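**Student:** return a 3D structure for these sequence lines:
(chains A, B, C and D)
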Number of protein chains: 2
Amino acid sequence: MQPTIYDVAKKAGVSIATVSKVINNNGRIGKDTRKKVIKIMEELNYQPSVVASALTGKRTETIGVLIPDLTNPFFSEITASMEERAHELGFSVVICSTNDSEEKEAKYISLLLRKKVDGCILASRFKQVGLIENMVKQGIPVALTGQDIPSLNLNTVSVDDYKGGYKATAYLGSLGHKNIAMIAEKNARSSEERIKGYVDAMNEMGLPVDEALIREVKPTVAGAKQAAEELLSLHVPPTAIFAGNEILAIGVSQAARAFQLDIPNDFSVIGFDNTLLATICDPPLTTIAQPIEQMGRQIVDILISEINNKLDYKQRIMLPPELVIRQSTKELSVENGLVND
Amino acid sequence: MQPTIYDVAKKAGVSIATVSKVINNNGRIGKDTRKKVIKIMEELNYQPSVVASALTGKRTETIGVLIPDLTNPFFSEITASMEERAHELGFSVVICSTNDSEEKEAKYISLLLRKKVDGCILASRFKQVGLIENMVKQGIPVALTGQDIPSLNLNTVSVDDYKGGYKATAYLGSLGHKNIAMIAEKNARSSEERIKGYVDAMNEMGLPVDEALIREVKPTVAGAKQAAEELLSLHVPPTAIFAGNEILAIGVSQAARAFQLDIPNDFSVIGFDNTLLATICDPPLTTIAQPIEQMGRQIVDILISEINNKLDYKQRIMLPPELVIRQSTKELSVENGLVND
DNA sequence: CTGAAAGCGCTAACAC
DNA sequence: GTGTTAGCGCTTTCAG
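**Tutor:** So this is what the prediction gives:
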């Protein structure tokens, strides 16, 4: 068995209260006593139990992170960043993949409560607002990232999805594309904003917004590929597609290839997120970048500030998305333009 | 504050022992009492504290998972699978990304010990064998995946890396390639086995093994790209490269492209792992598949069996790697063959 | 400065 | 069947 505070106290010839004080570095302790206790702790390789200390009202030094799907690079990257920052600040991270299931959302929230996590970060696509309100009511700090829920006053770090959608669409327009389609993720708050941005950009450019050109699909390569193939089969197919994230953009690229379309000469795609995927596919994807690394760190910083009661008021940070131009987009060639006019 | 067992007991007019018994479903309890207690628990929305129950010797229902890098798809995919299986069995997962730092390995192990996790899974590339022995000595269950450490008697689920390396190389040979290079990950046990497989396959095919054709690099796209560029700059460049994983394979593909080589017509690449990356890059990668999903589930099953003392002896499972043929490999064309003879 | 003692929320004998 | 009670390992008054 591992040694307890009693073992240390006995061997050091002091009381457990004294040992506790040197562990937590508080109270008045004589220099020599402290030194001796520290020595014994090292000898015994004593590690204070977080469980016991949590029971006396201290923290568990653990935060829960709910994400939809760890195999999506956006989420694995932001999770990695959160995990790193949390550890820097002395907290562990327990991850819960919801797979977009409401049942799991509820199950995991309840689990985290039973485990007495100090706080909780909900990444995109969390569905049940009621569950969040419940946690807040119970006094446990909650923070959001990758999505903003305006109706709730919560710490949030997100990217301006509306502006991102607008930028992506406007960029395609600036390249001369007129027949621009969008493939978006179904059932995600952030996705809706991106669609709004798309619609507004189209309108402002005086381009017709055709509902048939907006497809909402499950966030899989296959789903996007199929949707893109349908779009490319239209009587007047789009010359460019704005994909709501990079998994979808890959699906679009595959569809284009299946239609013998060369990217970017015959057809342009733009993605969203700027994950590893954008750089490794061929051609590399033009995309709307989210500062993933920064978002992860910042949301952890904010949550832990709240846990430490160092937050006077809720923070709502909205970061600007950036257009990153790579090789999947190009000016519409006259030839193609004519075909579509 | 959240309600405690006392609140429930008081409101139900019974003792806390009774409540405890209905929670844990043991001891004799009258039907009516049970029903009443359950009703009160629901009314109060009572959630038993895992922290308190852990302190009395029960489990924390938490396992620790150490991985090198969550942004590598192999690890995010295997982590996702472990997380899912663990939750199915009632356990949470705390993840620790070591980034291949020995300091972090030590820090996280000690952290997990302080948190009293019920067990621990170490994924590939764990360096300090001594730390593992230490945990075992303290009686905490440890399992390994993605690597086998023969000197330690631990539960292990891994893939036969030697055979995988052999298969990859033999396949390239069967396509007529003679000048085959390998780019491997530096400092990983699994990588060494893959190299051995490569060497033996070359020997058996009667092909010369040139040390200069084996490069060990950091597991990044950039690292692999540079190494591949160097290989392609050789007086007699290889016509095929076996990359130790898919991140590396992507780097190799990029290098080939930079050298104006068409894959697979001018040049073949084969990867290892069979992650999302293999399917999304262009052309899709021929690769040696690890059954990632299965590995994750199985190692969790085994670890939790050990936690439950349901394991009579250590399990060491070595899964067979499978060759998955896609479009990044092709028979060596006569033309290229002549150049290299 | 240091220690005794109460208590955190729960479990597990052991009584009744 | 149900309740009493002694811990689990630690923190925190409060005395001394």
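**Student:** quick check: the residue of the stretch 101-250 of chain A nearest DNA strand D.
**Tutor:** In the stretch 101-250 of chain A, the residue that lies nearest DNA strand D is A:Lys116 (12.8 Å; CB to the nearest atom of the strand). Just so you know, the C-beta spots here come from the backbone N, C-alpha and C atoms, and that holds for glycine as well.
**Student:** that residue: which element?
**Tutor:** Taking DSSP states H and E as the definition, one finds A:Lys116 inside no helix or strand.
**Student:** neighbours of it, how many?
**Tutor:** When neighbours are counted by other CB atoms under 10 Å in any protein chain shown, A:Lys116 registers 19.
**Student:** same question, the one 10 residues further on
**Tutor:** By the other CB under 10 Å criterion, the neighbourhood of A:Phe126 contains 24 residues.
**Student:** measure it to chain B for me?
**Tutor:** Here the criterion is CB to the nearest CB, to the nearest Å. By it, A:Phe126 lies 17 Å from chain B.
**Student:** who's in contact with that residue?
**Tutor:** Contacts for A:Phe126 (CB atoms under 8 Å, 6 or more residues apart in numbering or on different chains) come out as A:66, A:98, A:105, A:132, A:144, A:147.
**Student:** most neighbours of all the residues you listed, which one?
**Tutor:** When neighbours are counted by other CB under 10 Å, A:Leu144 leads the contacts of A:Phe126 with 24 neighbours.
**Student:** surely it forms part of a strand?
**Tutor:** Yes: A:Leu144 forms part of a strand when assessed by DSSP: H, G, I helix; E, B strand; the rest coil.
**Student:** ok, now which ones touch it?
**Tutor:** A:Leu144 sits in contact with A:121-123, A:126, A:152, A:154-158, A:299, where contact means CB under 8 Å, 6+ apart.
**Student:** which of those residues lies closest to B:Lys178?
**Tutor:** Nearest to B:Lys178 among the contacts of A:Leu144, counting by CB to CB, is A:Ala123 at 49.6 Å.
**Student:** please name the nearest non-neighbouring residue to that closest one.
**Tutor:** Using CB to CB, 6 or more residues apart in numbering or on different chains and skipping residues adjacent in sequence, the residue nearest A:Ala123 is A:Ile67, 4.4 Å away.
**Student:** count of residues packed around the one you found?
**Tutor:** Neighbours around A:Ile67, by other CB under 10 Å: 27.
**Student:** how about A:Thr56?
**Tutor:** The burial count for A:Thr56: 8, using other CB under 10 Å.
**Student:** any idea how far A:Pro48 is from it?
**Tutor:** To A:Pro48, A:Thr56 is 11 Å away according to CB to CB, to the nearest Å.
**Student:** could you check how far the residue in the stretch 1-150 of chain A that DNA strand D sits nearest to is from chain B?
**Tutor:** Across the stretch 1-150 of chain A, the shortest distance to DNA strand D (CB to the nearest atom of the strand) belongs to A:Ile5, at 2.8 Å. Going from A:Ile5 to chain B by CB to the nearest CB gives 13 Å.
**Student:** surely that residue is in contact with A:Lys21?
**Tutor:** No: using CB atoms under 8 Å, A:Ile5 is not in contact with A:Lys21, being 11.0 Å away.
**Student:** how far off centre is stretch A:6-16?
**Tutor:** Its chain's average C-alpha position is 46 Å from that of stretch A:6-16, according to CA atoms, centre = their mean, to the nearest Å.
**Student:** domain parsing for chain A?
**Tutor:** Listed domain ranges for chain A are A:5-48, A:62-160+A:291-320, A:161-290+A:324-336 (source: automatic domain parsing).
**Student:** since that was my last question, I'll sign off now.
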